[in-house]
Each structure stands twice: as structure tokens, then as C-alpha cells.
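In: I'll drop the sequence and a predicted model, then ask my questions.
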Amino acid sequence: MRTFNNIIMVTVLLLGLSGLSMGQQKTIKHEYVDLGLPSGTLWATCNVGANTPEEYGRLYAWGETTIKSTYNWGSYKYANGPHDKLTKYCNKNDDGSDGVADNLTKYCNKSDDGNNGFTDNLTELQAGDDPATYNWGSDWRTPSKAQWDDLLQNTTNQWTIRNGVAGRQFTSKRNGQTLFLPAAGCRNNDGLEHVGERGIYWSSSLETGSPHSAWDFYFGSGSTYVVDGDNRFYGQSVRAVCCASGRLGNGSHNGHEYVDLGLPSGTLWATCNVGAKTPEGYGNYYAWGETTTKSTYNWGSYKYANGNYDNMTELQAGDDPAAYNWGSDWRTPSKAQWDELLQNTTNQWTTRNGVAGRQFTSKRNGQTLFLPAAGCRYYGEFSYSGSTGYYWASSLQTDYPRHAWRFLFDSDNYSVNSGDRSLGFSVRPIRSGSQN
């Protein structure tokens, strides 16, 4: 028994009980289905504001948490006046001449879209602006654009009628579980449009190229279904998600501890490097694609430098030092997973138990992760220990395949860039939140 949505809930693995199918789970308030997605994301079976999968639920403007009678720029919470002056979530400075919101007051990355040049560079909904989190509790959120893409890539879908309600049903390619989204239409001004004809569901992600818009998932009765951008003032459906890591919390697997940073993908990060027994331990150093250590790190000793061409761009399990040394549920993080870590945490150079490195603090749940500045191996030397951290990604740098992606940091800077595959770097494993 644990708390979920700030109430006590019992997680029940339902084998056909209470009308739910295998893979679905039930809380006192909100049910979800596990589609076996790579991200570990769990999808709610109902829209926010609905009590059954077929109910339309409530329609929200992007970044607003309550409903209202009129949906336009004049009533939008984060624009200071009609058609202009964004006041939040704005990152752009060159859209002011197109007659749409250039007075944004939040979520704005372009100053010509912002109120009096305002920008905040926020590109994902904060918890206080997320209708899923606000109405259902901190374990729930509006899915990101990446999570909509994840759903589409790992399911088939078709237009159907369910209990007299039109919509699209998604069937997992991985475990056969299903998810139904009703065609609830949208709100524009004081009207209700396209009910029973179209489904339009918000994501949590700003359309940074045009910050008066946010990404949404749109579908109709034909073959059209796409993740697209729409004006933020429209009233649209919200289908909440949570991540499997929300059930797991921090813990250990195969004798190795991990931390749940509440990342959108559900990825769980190991607390130690491969070869280390504490978070501060440097651990072992591996050339990219090699699973054992050695005395010399250069092209002469590199395992995969014989001229073969295979078009592979991600480490296979047999070449992954995390999977090889810790077991198949662990792996070296991809470039995308390093990017996700940076986007959803703050970090600072610090010293922990006398060891220098960077500590990452989740923007979502406050959990922390420490990476020691272990340096690297080049030829037979140990270089930059205590001043620089070099951590492999599992992803090949496809434009320059003698390099692979890595996460590099020192006391002043940090970035995901590429490095020579023959060098010996640290490996910090990850595992999917969907693995039990």
C-alpha cells in the first residue's frame, strides 16, 4: 500500500477482475493501462474530468488548470491582451508581425512574442500549470510530445465506436493492451467544435519555433492522426500519464541501486558507475563498445577497428559494458537519455565525500544524482581525474563514426558531444521504469 494522488490506494494486479483486463491497474480514483512502452509510460484510461473512457471530460487551454466559458487570446491566462503579449512560456523574438500572440507572459522563448520583450525559455509545462497534475495529483501529468510519439510508434490505431462514442483505439504492438481516446472536439471562443469528429489532445511541450502554439495530438475519422502545433488558447482534451517509476521509487536491481528522478521517459539512473561500489567511486573505464578493461586505450588496441561496415548506430547488448557487467536490464544511456537528464534537472559542480563531480537535482521530484569527475584513460595514462568527467552514451556519432556521443563536464561547463571511441571513459548505467 502506498499513497497515490495524495490518497491511500491499493495497487491490484487485475486478472479480469472488476471489468479490467490483464495489464490494467486501478487506484481509488484513476485507472491506467500499461501498454509495455519502451519509456515505461502508463496511460490513464479516462480524460481529465471524465469518469469512463468514453466520456469527453473537460477542455483546457494550454497551461491552464481550470475550465472557463470563453477560449481566445483575450481570456488566455498567459497573454497580456488579445492576440499578443505572452507572459509565460515564451522563447522567440521574430513572430510579432503575424497577428498572433506576441504579448505572452509565460512559456516564451522569443522576445517579439513576449509581453514587452518578455522571455522565460520554459518549454515544458510546470506542475502548477499542468491540468493533469493540478486536478489529479503530483504522480500525473500531461504527456510530452515525446510521449505522444512513443505511443504512436509502439501501437496501431483505428477509428471506432465504443458504447456509442466515436474515437480512436490504440493497440500495443508489445502486449496487445488497448487505449481508447474519444473524439471530444475542442473549444474556440464560446463554441464547442468538431465533437464526435475530431480528437485534439494537448501535450506538455511548447512549439518552440512558434511559442504562441503548443504541440498536440490530432486525429479524425480518416487516416489522419498527427502530432501538430495549435494556438495555446484553444480548449482541448487532456489524457494524463504517469510513469512506471512512480510505482517503483528508488531501489536496487541485480544488486545495484538506482534513483527515480521522475523523468518523462521513466528512466531510472544507477547511483554508481560500472566498477564502483559508491556514488563517489570512479569505477572502470571502457572504450566504446568494449565490455572489459585493459592497460592501453588507443586505436591499436581498439576491438572494432578492422574496416567492417554494418550500419549499426546503437550499442548491442553484447557490446554494452552496463548490460555485460550488470545484466540485461541495465544499459549505457543513449544520447537522448543524456539530453533528457539535462533538460529535467539542474546541476552544479560540488564535492561529495572529498570527491569532485557534478550533482544533478530533478526539477520534478527533487531527487539527486552524483557523477564523479573520474577523468579518462588514454594510452596507458589516467588523465584529468578530479577535474573532468567523461561518460559514454550508447549512440554512435553517425556523421563521424569514429566518434560516439558522450557527456562531458568540468567545473565550469557541461555538454553532450562526441569523443574518440578508442578512449577509456566512465559508464553510468540506466534501466527502464517499465522493468520490474
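Out: Right, received. Where do you want to start? Just so it is clear, the model here is predicted, and its values are computed rather than measured. Numbering: from 1, shown residues only.

In: tell me which residue is most central in the chain.
Out: Relative to the mean C-alpha position of the chain, the nearest C-alpha, by C-alpha atoms, centre = their mean, is the one of residue 264, at 2.9 Å.

In: OK, contacts around that residue?
Out: 39, 41, 141, 144, 146, 147, 243, 340, 344 (C-beta atoms under 8 Å, 6 or more residues apart in numbering). All C-beta spots, glycine's among them, are computed from the backbone N, C-alpha and C.

In: report the buried members of those residues.
Out: Buried residues within these, defined by neighbour count using 16 or more other C-beta atoms under 10 Å: 39, 41, 141, 144, 146, 147, 243, 340, 344.

In: and the strands in the stretch 101-250 of the chain?
Out: Secondary structure of the stretch 101-250 of the chain (DSSP state E, counting those that start in this stretch): strands at 104-110, 155-162, 165-172, 178-182, 186-188, 191-193, 199-206, 213-219, 225-231, 239-243.

In: give the rounded mean pLDDT of the fourth one.
Out: The reference is to strand 178-182. With pLDDT averaged residue by residue, strand 178-182 scores 97.

In: again, but for the last one
Out: Averaged across strand 239-243, the pLDDT comes to 87.

In: ok now it, how far from the chain's centre?
Out: A distance of 11 Å separates the centroid of the chain from that of strand 239-243, by C-alpha atoms, centre = their mean, to the nearest Å.

In: what is it packed up against?
Out: Strand 239-243 sits against strand 41-47, helix 131-136, with contacts defined as 3 or more C-beta pairs under 8 Å, 6 or more residues apart in numbering; DSSP states H and E.

In: so what's the residue count around residue 318?
Out: When neighbours are defined as other C-beta atoms under 10 Å, residue 318 has 9 of them.

In: ditto for residue 49
Out: Using other C-beta under 10 Å, residue 49 has 18 other residues around it.

In: residue 135 now?
Out: 18.

In: ok, now the one 4 residues further on?
Out: The local packing count at residue 139 equals 24, with neighbours defined by other C-beta under 10 Å.

In: try residue 152
Out: For residue 152, using other C-beta under 10 Å, the count is 15.

In: would you mind measuring from it to residue 229?
Out: Residue 152 sits 16 Å away from residue 229, going by C-beta to C-beta, to the nearest Å.

In: swap in residue 258?
Out: 35 Å.

In: which one's more surrounded, those two?
Out: More crowded of residue 258 and residue 229, by other C-beta under 10 Å: residue 258, with 24 against 20.

In: where's the more buried one, which helix or strand?
Out: strand 256-260 (DSSP states H and E).

In: partners of that strand in the sheet?
Out: strand 251-253 (antiparallel), strand 268-270 (antiparallel) (DSSP bridges).

In: deepest-packed of these, please.
Out: For the strands paired with strand 256-260, average neighbour numbers computed from mean count of other C-beta atoms under 10 Å are highest in strand 268-270, which has a mean of 25.

In: contacts for the helix or strand following that one, please.
Out: On the C-terminal side of strand 268-270, the closest following helix or strand by DSSP H and E is helix 321-326. Residues outside helix 321-326 that contact it (C-beta under 8 Å, 6+ apart) are 254, 256, 270, 274-275, 284, 286, 290-292, 317-318, 330-332, 427, 429-430.

In: got a ChimeraX select line for the buried ones in those?
Out: Applying 16+ other C-beta under 10 Å to those leaves a buried subset, and the ChimeraX line that selects it is:
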select :256,270,274,275,284,286,290,291,330,331,332,427,429,430
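
In: what about residue 334, how many residues nearby?
Out: By other C-beta under 10 Å, neighbour count at residue 334 equals 17.

In: from what I see, it and residue 314 are in contact.
Out: Yes. Contact criterion C-beta atoms under 8 Å: residue 334 and residue 314 qualify, at 6.7 Å.

In: joint contacts of these two?
Out: Residues touching both residue 334 and residue 314 by C-beta under 8 Å, 6+ apart: 394, 395.

In: which SS state does residue 337 fall under?
Out: Classification of residue 337 by DSSP: H, G, I helix; E, B strand; the rest coil places it in helix.

In: the one 4 residues further on now?
Out: The local conformation at residue 341, judged by three-state DSSP, is helix.

In: partners of the residue nearest to it when sequence neighbours are not counted in the sheet?
Out: Sequence neighbours aside, residue 360 is the residue nearest to residue 341 in space, at 6.5 Å (criterion: C-beta to C-beta, 6 or more residues apart in numbering). Here residue 360 sits in beta bridges with residue 347, residue 369, going by DSSP bridges.

In: cool, and residue 416?
Out: Bridge pairing for residue 416 - DSSP bridges - gives residue 407.

In: shouldn't it be in contact with residue 406?
Out: Yes. In this structure, residue 416 is within contact of residue 406 by C-beta under 8 Å, at 7.3 Å.

In: anything in contact with each of those two?
Out: With C-beta under 8 Å, 6+ apart as the test, residue 416 and residue 406 both reach residue 393.

In: ok, those two, which is more surrounded?
Out: residue 406 (26 against 18).

In: the more buried one: what's it in contact with?
Out: Contacts of residue 406 by C-beta under 8 Å, 6+ apart are 390, 391, 392, 393, 416, 417, 418, 419, 425.

In: distance of it relative to residue 128?
Out: 35 Å.

In: kindly report the same for residue 61.
Out: Applying C-beta to C-beta, the value for residue 61 to residue 128 is 15 Å.

In: which of those two has more neighbours?
Out: Comparing residue 61 with residue 128 by other C-beta under 10 Å, the one with more neighbours is residue 61, at 27 against 9.

In: any figure for the gap between that one and residue 230?
Out: 11 Å.

In: list residues touching both of those two?
Out: residue 236.

In: wait, residue 214 sits on residue 206?
Out: Yes. At 5.5 Å, residue 214 counts as touching residue 206 under the criterion of C-beta under 8 Å.

In: what about the closest residue to residue 124 other than its chain neighbours, distance to residue 134?
Out: Leaving aside its chain neighbours, residue 124 sits nearest to residue 204 (5.3 Å; criterion: C-beta to C-beta, 6+ apart). As judged by C-beta to C-beta, residue 204 and residue 134 stand 12 Å apart.

In: looking at the two, which has the bigger crowd around it?
Out: residue 204 (28 against 18).

In: what sits against the more buried one?
Out: Contact analysis of residue 204 by C-beta under 8 Å, 6+ apart lists 124, 125, 130, 141, 142, 143, 144, 145.

In: now do residue 203
Out: By C-beta under 8 Å, 6+ apart, the contact set of residue 203 is 142, 143, 144, 145, 147, 148, 214, 215, 216, 217, 227.

In: count the neighbours of the fourth one for me.
Out: Just to be clear, that refers to residue 145. A count of nearby residues for residue 145, using other C-beta under 10 Å, gives 21.
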